[in-house]
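>>> Can you look at this prediction? I've put the sequence above it.
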Amino acid sequence: MRGLLAIAILAAACGDDHTTTIKCTGGTQGTLTANSSVTAKGGDDLNGAAIAADGDTTVPMNAVTIACASDIVPDGFVALGPAISFGDEGTWSDRAFTLTVPYKAARLPKGATNGAVRIVAQRAGGKPYFPAVSNRELDDKDAYASLASFRALELTTYQVVASADAGQPSTEMFNFNAIIGVSMGGNAAMSIGLRHPDRFDISADLGGEPGPSIVYTMHMVQTFLFGGFCTAASGKLGQLCPNVSTKPEQFEVASDYEHMIYQAGMGTGLTSDRSFYLQAARDLSRALSNPAAYNPANPYAPPGVLFSTFAETSPMQCGSPVVLQNFYDANFNPDGSKPVIEYCDGGDSATLGLGVFDPTLPQTDPPQVLLAVDLNGNGMRDSGEPVITQAYEPWSDVGSDGLADQDEPGYDPVTNPDPDGDDYHYLRNPLGTEGNGNYDPGEPFMDVGLDGIAGTCQAGDTPPNGVAGCYDYGEGNGKWDLSPNVQRWYGSDVQQLLATLTPDQRAHFSMWFDAGIRDFFQASVSANAGVGQAMATGELPFGVYDGFGGIVPGDNEDTYDFTEIDWNQIPKNAYLRYGDPDASAEEINNGDGRHVGTANEIIYRIETAFKYIDERLPDGDRDDSYDSGQTLPNEMFTSPHTGRMNPFSLYLPPGYNDPANASRTYPVVYVLHGYGQQPSDLVSLSAVIADHMVATEPLATRIQKFIMVFPDGRCRPGDGCEEGTFYMDSPLGGPAQMETNLLDLMDYINANYRTRPASMQTVSY
């Protein structure tokens, strides 16, 4: 029925005007070199189609081609221009091509803005999908001969389309609450917002840790943070076999357990030494449960270890660790013959560098959530002795067809390396199931439990019953098993959260992401995965931007001004990936693309995210006010559900205390701070935003007035953690039920301040 809907909307938009008819003829080919382009001239609506390469783009050895192609318009969308094939089909570069595709802005459905323009792609033999191409620029000065330029890493077929119902007014319930978080607060802002669409309209995840794709985070934790050890099968057990990055074009940085990532210089926001990583791993496990091992008796302690060992009043004695016999692990203890131990870590040293394990130091820092194989039986973990991670039963990540590439009909390693077109890539094939790091139905698995060894535990057995004490889980139950702890982590994965929403909730909720390309915890790689999958089906319109000059074309870090953003060009959801891929060593040392970023980047990130929220909340108060608002940095609230005393900070906007405004109400933005911070550390940000609310700011760029609330996420006495709660309801119980505390705080704010009540609003996108 796509054709009927498209015809009806287009007829309403532009009647039968022949100038909106798409006619594509001709084509061109030419040699592409660095810092050059090949452009199609003439050919009716093919005119202006182009391929350009910068100095770092891997250019094809053969001539490139530009030609008309058959429409690739998905159901529910209308063509704005012709499908254009760019060849040599499948040519790939780690640095993007700039592609230009002609379209006709006059074909946009009535009422739609340029934010509704979408780029769809189709690889040879595949299905249409919406790739996370970046830095889209639209030249619609001629509505009948418009051009869309964007950055893409692959030459294939692209077309400019729009949703058939773009621009059509919809009446939606707005709660007039947004939630934004930085670092530790980033994933929490996204996941809490998506878990409560009845309370929030918008989330902004700024460099969230963990990143939005928890599936990727689990891969990163196992492969890099807790990984890098040689397996028994390699014949080098007891040595390091560090993994290499499979995503170098995404600036993924490889590491291993004995060489954790440390970034000297500015822009990290903290010191990422070993003690930090171990402390953060403990706090994440307290907030979300142990990602490395599953103990049915406790979500934090490894199997065979009593949680009471970790009580604050009775810390583990590093000289006398728990020793587990007959503990099986397919990678590092396949016959169960070696003792598996609780252990302590030695921290960093000036000799080897921060992040590097130093076996000569006193071993006094207990990871708590990890176990190691004591190969030499000396009761401590020595260099090379492996750390165990058991997150899921072994499976072959070959795709839902159940066949690895080499087993698919027609396979050729050079000419046809992916016959079924199911190889996952965040940009080229975000819906691919082979190599996506997640179990998909149809993929073969071994029903042997999390330890990967058959016969160590039967379904339903728990310690001390079953074979060898039964430190295993899930064996013999006829299904693929994920650790229940890891499943809890997955409850904060953007894809899983979106899947829980109704279509109307997904259509209403707005999401903003940003991440630095050099974030030590791979935030941009995680965001690439999460955003790529979220936008692939076309259900969620997304804009992706490389650097601040991507969202304001022509700007750079010295000239960027968020007030220059043309929000009519920005899709409903957006992702800003900051950092210069070609930054100098000095620029990187100053923080370019890092967790916090340079001094400019952190301010730009905050301003842009708040302006995004402003643009997504309708009918805001932008009336003239000259006072700067009121900051209340040290407020206190006791949660009725948990009994926890929660400090919070509050900002009341310009004009709030003016008696003339006594009946006015305001939206609320909840701002979640980072790891090791507290509410009063971020309340100063309100001054940055307040400057754009007052009458001295031109009305055209003024931010509407809203209340800002800064909830507490720091560990307090009795919370049972060290620095940060990650704003989650801890599975360990106690008062650190931080999502519950935040929701209670919302009720308190609504009861005591003039917050804007939920109401139906008519909007269009």
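Received it, and whenever you're ready, just let me know what you need.

>>> now the helices: where do they sit in the stretch 201-350 of the chain?
Here the stretch 201-350 of the chain has its helices, by DSSP state H, counting those that start in this stretch, at 214-220, 274-288.

>>> Would you format these as JSON lines with mean pLDDT and mean neighbour count included?
Placement of C-beta: from N, CA and C, glycine included. Shown next, in JSON lines, are the helices of the stretch 201-350 of the chain (pLDDT from 0 to 100; neighbours: other CB atoms under 10 Å):
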{"stretch": "helix 214-220", "mean pLDDT": "95", "mean neighbour count": "25"}
{"stretch": "helix 274-288", "mean pLDDT": "96", "mean neighbour count": "23"}
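
>>> could I get the ones you listed as a markdown table with distance to Gly724?
Shown next, in a markdown table, are the helices of the stretch 201-350 of the chain (distance: least, CB to CB, whole Å):
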| stretch | distance to Gly724 |
| --- | --- |
| helix 214-220 | 16 |
| helix 274-288 | 5 |
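
>>> Could you give the number of residues near Pro248?
If you count neighbours by other CB atoms under 10 Å, Pro248 ends up with 11.

>>> Which residues lie in contact with it in this structure?
Asp94 (CB atoms under 8 Å, 6 or more residues apart in numbering).

>>> Need the distance between the two termini of stretch 622-635.
Stretch 622-635 has its terminal residues 27 Å apart, counting by CA to CA, to the nearest Å.

>>> Can you give me the buried ones in it?
By 16 or more other CB atoms under 10 Å, the buried positions in stretch 622-635 come out as 622, 625, 629, 631, 633, 635.

>>> which helices and strands does the host helix or strand of the fifth one pack with?
When elements are assigned from DSSP states H and E, Pro633 belongs to strand 630-638. In terms of contact count using 3 or more CB pairs under 8 Å, 6 or more residues apart in numbering; DSSP states H and E, strand 630-638 is assigned the packing partners strand 645-652, helix 679-682, helix 738-752.

>>> Would you format the ones you listed as CSV with mean pLDDT, distance to Gly208 and mean neighbour count included?
CSV is the format used below for those (pLDDT from 0 to 100; distance: least, CB to CB, whole Å; neighbours: other CB atoms under 10 Å):
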stretch, mean pLDDT, distance to Gly208, mean neighbour count
strand 645-652, 97, 20, 21
helix 679-682, 92, 15, 19
helix 738-752, 98, 15, 18
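
>>> Of all these, which one comes closest to Ala116?
Closest to Ala116 of the helices and strands packed on strand 630-638, according to CB to CB: helix 738-752, at 32.6 Å.

>>> Break this structure down into its structural domains.
Following automatic domain parsing, one gets these domains for the chain: 2-163, 630-763.

>>> Output the ones you listed in CSV; the columns should cover distance to Val387.
Formatted as CSV, the domains of the chain follow (distance: least, CB to CB, whole Å):
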stretch, distance to Val387
domain 2-163, 32
domain 630-763, 20
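
>>> Let me know which of these is the nearest to Pro571.
Closest to Pro571 of those is domain 2-163 (CB to CB; 5.1 Å).

>>> quick one: buried residues of stretch 333-340?
For stretch 333-340, by 16+ other CB under 10 Å, it's 333-334, 336, 338-340.

>>> ok, now stretch 195-211?
For stretch 195-211, the buried set under the neighbour-count rule, 16+ other CB under 10 Å, comprises 195-197, 199-211.

>>> Tell me how far stretch 662-670 lies from the chain's centre.
Chain-centre distance of stretch 662-670: 30 Å, with CA atoms, centre = their mean, to the nearest Å.

>>> Could I get the buried residue list for it?
666-670.

>>> The stretch 401-550 of the chain: strands as residue ranges?
Remark: strands assigned in the stretch 401-550 of the chain by DSSP state E, counting those that start in this stretch are 510-516, 542-546.

>>> hey, which of these is tucked in deepest?
Comparing these on average neighbours per residue, with mean count of other CB atoms under 10 Å, the densest one is strand 510-516 at a mean of 28.

>>> shaky segments in the chain?
The model of the chain has pLDDT under 70 over residues 1-18, 311-317, 458-469.

>>> Past the longest strand seen in it, which element shows up next along the chain?
Longest strand in the chain, counting residues (DSSP state E): strand 92-103. The helix or strand immediately downstream of strand 92-103 is strand 117-122, counting by DSSP H and E.

>>> As a check, name the ranges of all strands in the stretch 101-250 of the chain.
117-122, 134-139, 146-154, 157-163, 170-174, 177-182, 202-206.

>>> which residues sit against the first one?
With CB under 8 Å, 6+ apart as the contact definition, strand 117-122 has outside contacts at 72-74, 77, 80, 83, 101, 103, 105, 108, 128-131, 133, 136, 138, 148, 150, 152, 154, 156-163, 538, 541, 571.

>>> tilt between that strand and strand 134-139?
Interaxial angle of strand 117-122 relative to strand 134-139 (axes from the mean of the first three to the mean of the last three CA atoms, to 10 degrees): 120 degrees.

>>> circling back to that earlier point, can you say which of the helices of the stretch 201-350 of the chain is nearest to Pro444?
helix 214-220 (19.1 Å).

>>> what's the distance between Asn438 and Val486?
Asn438 is 11 Å from Val486, where distance means CB to CB, to the nearest Å.

>>> Among these two, which residue is more densely surrounded?
More crowded of Asn438 and Val486, by other CB under 10 Å: Val486, with 25 against 22.

>>> quick one: that one and Gln390 touch, right?
No. Applying CB atoms under 8 Å, one finds Val486 not in contact with Gln390, separated by 9.5 Å.

>>> The helix or strand where Tyr575 lies vs strand 134-139, what angle?
Taking DSSP H and E as the definition, Tyr575 sits inside strand 573-578. Relative orientation of strand 573-578 versus strand 134-139 (the same axes, to 10 degrees): 110 degrees.

>>> can I assume Ala67 sits in a strand?
Yes. Applying DSSP: H, G, I helix; E, B strand; the rest coil, one finds Ala67 inside a strand.

>>> rewinding a little: and the buried residues of stretch 662-670 as CSV, adding distance to Asn298 and secondary structure?
Compiled in CSV, the buried residues of stretch 662-670 are given as follows (distance: CB to CB, whole Å; DSSP: H, G, I helix; E, B strand; the rest coil):
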residue, distance to Asn298, secondary structure
Tyr666, 44, strand
Pro667, 41, coil
Val668, 37, strand
Val669, 37, strand
Tyr670, 31, strand
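
>>> partners of the strand holding Tyr575, with directions?
Strand 573-578 has the following strand partners under DSSP bridges: strand 510-516 (parallel), strand 542-546 (parallel).

>>> Would you reformat the ones you listed as JSON lines and include distance to Leu354?
Shown next, in JSON lines, are these (distance: least, CB to CB, whole Å):
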{"stretch": "strand 510-516", "distance to Leu354": "19"}
{"stretch": "strand 542-546", "distance to Leu354": "30"}
